[in-house]
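Engineer: quick one: sequence plus predicted model below, questions after.
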Amino acid sequence: MNILLIEDEVSKRDSLTQIINSVSTNDQKIIENAISLTSARRKLLSQRFDLIIFDIFLPYKDNDKESIDVSEDILGEFNHSDNYQSEAIAITKYELEDIENIESFNEMGVTVVHYNESSDSWKDSLRQKITKISDKARFDFLIFCALSKERDAYTQTLAKTGEKKIIKGLDCLEVSIEDHKGLCILPARMGLVNMAITAAKAIELFQPKIVAMSGICAGLKGETNFLDLVIADTCWEYQTGKYKDKKFTQEPYQVSLTSQIRTEISHFIDKKSIVDRIKSNLYQSELSNSTILLGPLSSGSAVIADNMKMQEVGEQHRKLKAIEMEMYALYEAAYQSQSKPEYFGVKSVVDLGDELKDDSFHATACVLSARFVAEFIKYKICI
């Protein structure tokens, strides 16, 4: 449990620290101290905390002697940082009725309590905050799948799967990779809309460090082979645009991987040992020609089993690799989230979106993509 204690007065800081340490929790408590607005701002913007304890009057810099009302400044930094959904409490010596902008704290969801060493009121409020955090579910990563068979494939990966649970209305499977906890989540239905709602809700609720997606897709003829893994470098919805004079003019809005994670994936997929582990104990002959591709992928709301439609979508990007139904929703949800998790998605080619579409490769493809996600998450957060 990471706690930021913003307090310049030594005796008050010691009292707060004593109460924090007196509360029994399952997690080790790590307390970071800030004694000025400048140091508090730096920590708020560079680290993520489970609990933030504010003071209202602070020096501007560490060595300043005079304390000033910094409440509006520090609330602004809190609201625009990765900590905007962290538990927060302001503990002040000032009477609440004397705080002119107490509504600003209420609007940010920050509890304000009066500090008096002889009173138990502030102590009880602080203990309740710590207990609430200790009971709160926290996860390092989230994985999203559109179909049950895509999620079931994680039983054949390095990840350990646990119980299926409904958490805050979300269909979740507990997943762990070494000592790191995660969830694999299914939306109510497949498709862009349901995935967008589910992903946005889960990201804001669980505040993961990284989110991912695995599953199956249709490959573009000439660009992919059966059972290729396609990592979505750039993603968009191929259906957006305008129909006019019996003609559709496309208007794509793209979301791409960050440059950092794209570089990491590029290096990761060059390792032959990774490819060997992903394909181990899978025996379909098409695996001999399958590879891992990093390239454009497009999403739409309909299953395509028509060669002409595949060609039409393929004209939107000359290097388009595959088409599926959910990836763009996940990328957009992660990109727009204020918590800004890292994100990536990979799907395995099971057909070419034509009239020959069938389920022959589904089982193998689900395992391939799930294994890649598990391997890369381990690489990202465990090393």
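Structural biologist: Yes, it's here.

Engineer: identify the bridge partners of residue 92.
Structural biologist: When assigned by DSSP bridges, residue 92 has beta-bridge partners residue 114.

Engineer: OK, contacts around it?
Structural biologist: Applying CB atoms under 8 Å, 6 or more residues apart in numbering, we find residue 92 in contact with 55-57, 99, 112-115. All C-beta spots, glycine's among them, are computed from the backbone N, C-alpha and C.

Engineer: in JSON lines, list the residues you listed along with pLDDT and neighbour count.
Structural biologist: Putting the contacts of residue 92 into JSON lines (pLDDT from 0 to 100; neighbours: other CB atoms under 10 Å) gives the following:
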{"residue": "55", "pLDDT": "90", "neighbour count": "27"}
{"residue": "56", "pLDDT": "87", "neighbour count": "22"}
{"residue": "57", "pLDDT": "88", "neighbour count": "15"}
{"residue": "99", "pLDDT": "78", "neighbour count": "18"}
{"residue": "112", "pLDDT": "89", "neighbour count": "20"}
{"residue": "113", "pLDDT": "89", "neighbour count": "18"}
{"residue": "114", "pLDDT": "89", "neighbour count": "17"}
{"residue": "115", "pLDDT": "88", "neighbour count": "20"}
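
Engineer: most widely separated two among these?
Structural biologist: Farthest pair in those (CB to CB) is 57 and 113. Separation: 15.2 Å.

Engineer: quick one on the thing from earlier: which of the contacts of residue 92 lies closest to residue 275?
Structural biologist: The shortest approach to residue 275 among these belongs to residue 55, at 54.1 Å (CB to CB).

Engineer: pLDDT wise, what is the closest residue in space to the closest one that isn't next to it in sequence at?
Structural biologist: Nearest residue to residue 55, sequence neighbours excluded (CB to CB, 6 or more residues apart in numbering): residue 7, at 4.9 Å. Per-residue confidence for residue 7 comes out at a pLDDT of 92.

Engineer: just put the contacts of residue 92 in a markdown table and tack on distance to residue 272.
Structural biologist: Output for the contacts of residue 92, formatted as a markdown table (distance: CB to CB, whole Å):
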| residue | distance to residue 272 |
| --- | --- |
| 55 | 55 |
| 56 | 58 |
| 57 | 60 |
| 99 | 63 |
| 112 | 58 |
| 113 | 59 |
| 114 | 64 |
| 115 | 61 |
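
Engineer: buried stuff in stretch 52-70?
Structural biologist: Of the residues in stretch 52-70, those buried under the neighbour-count criterion (16 or more other CB atoms under 10 Å) are 52-56, 58-59, 67, 70.

Engineer: give me the residues contacting it.
Structural biologist: For stretch 52-70, with CB under 8 Å, 6+ apart as the criterion, the contacting residues are 3-9, 12, 16, 35-40, 44, 71, 74, 78, 83, 86-92, 94, 99, 110, 126.

Engineer: roughly how far out does it sit from the chain middle?
Structural biologist: For stretch 52-70, the distance from its own C-alpha centre to the chain's C-alpha centre is 33 Å (CA atoms, centre = their mean, to the nearest Å).

Engineer: what of stretch 82-98?
Structural biologist: For stretch 82-98 - counting by CA atoms, centre = their mean - the centre lies 27 Å from the chain centre.

Engineer: can you name the element that comes right after the lowest-mean-pLDDT helix or strand in the chain?
Structural biologist: None of the helices or strands of the chain scores lower by mean pLDDT, DSSP states H and E than helix 307-314, at a mean of 72. Sequence-wise, the next helix or strand downstream of helix 307-314 (DSSP states H and E) is strand 322-324.

Engineer: which residues of the stretch 101-250 of the chain score low on pLDDT?
Structural biologist: Across the stretch 101-250 of the chain, the ranges flagged by pLDDT under 70 are 137.

Engineer: give me the domain ranges for the protein.
Structural biologist: As assigned by automatic domain parsing, the chain contains the domains 2-135, 141-381.

Engineer: out of those domains, deepest packed?
Structural biologist: A comparison of the domains of the chain by mean neighbour count, using mean count of other CB atoms under 10 Å, puts domain 141-381 on top with a mean of 19.

Engineer: so what pairs up with residue 230 in the strands?
Structural biologist: Beta-bridge partners of residue 230, as defined by DSSP bridges: residue 293, residue 347.

Engineer: same check, this time on the one 4 residues further on
Structural biologist: Residue 234 forms beta bridges with residue 256, as assigned by DSSP bridges.

Engineer: mind listing what it touches?
Structural biologist: Taking CB under 8 Å, 6+ apart, one finds 254-257, 295-297, 317 in contact with residue 234.

Engineer: between those residues, which is nearest residue 240?
Structural biologist: Within these, the smallest distance to residue 240 is 10.6 Å, found for residue 254 (CB to CB).

Engineer: what's the closest non-adjacent residue to the closest one?
Structural biologist: The shortest distance from residue 254 to any residue other than its chain neighbours is 4.4 Å, reached at residue 236 (CB to CB, 6+ apart).

Engineer: now the helices for the stretch 151-300 of the chain?
Structural biologist: Taking DSSP state H, counting those that start in this stretch, the helices of the stretch 151-300 of the chain run over residues 192-206, 259-268, 272-279.
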